[in-house]
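**Student:** Model the following, please.
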Amino acid sequence: MDADSVGIVLTGLGRELSVVLFRGGWADVDYFAGIDDSGTLPAPAISSAVAFGDQLDSLVANVFRLLTDRAV
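**Tutor:** Model prediction:
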């Protein structure tokens, strides 16, 4: 039997990103980036593994901000 969904949770730097990809190409995306910065992010229809990878890259960059908002 094939799975109906697959999910991942990424954590670090006090942030969390949760993505569940469902059969059919839609995804639930939730994030936590601070006490006043959390919620659900929109996810466009995902039509392929490549599209999922691209969307995931974008979500990670948005939620984790690739360390650019940390003081140096």
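
**Student:** List the contacts of residue 23.
**Tutor:** By C-beta atoms under 8 Å, 6 or more residues apart in numbering, residue 23 lies in contact with 2, 3, 4, 5. Heads up, the C-betas are built off the backbone N, CA and C, glycines and all.

**Student:** so where do the helices sit in the chain?
**Tutor:** 49-64 (DSSP state H).

**Student:** In it, where is pLDDT below threshold?
**Tutor:** 66-72 (pLDDT under 70).

**Student:** how about a cut-off of 80?
**Tutor:** 1-3, 65-72 (pLDDT under 80).

**Student:** Turn the contacts of residue 23 into TSV, including distance to residue 43 and neighbour count.
**Tutor:** As requested, the contacts of residue 23 are exported to TSV (distance: C-beta to C-beta, whole Å; neighbours: other C-beta atoms under 10 Å):
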residue	distance to residue 43	neighbour count
2	21	4
3	18	9
4	17	8
5	13	12
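
**Student:** Could you work out the most separated pair of those residues?
**Tutor:** 2 and 5 (10.4 Å; C-beta to C-beta).

**Student:** can you tell me which of the contacts of residue 23 are in strands?
**Tutor:** In strands, defined here by DSSP state E, the members of these are residue 5.
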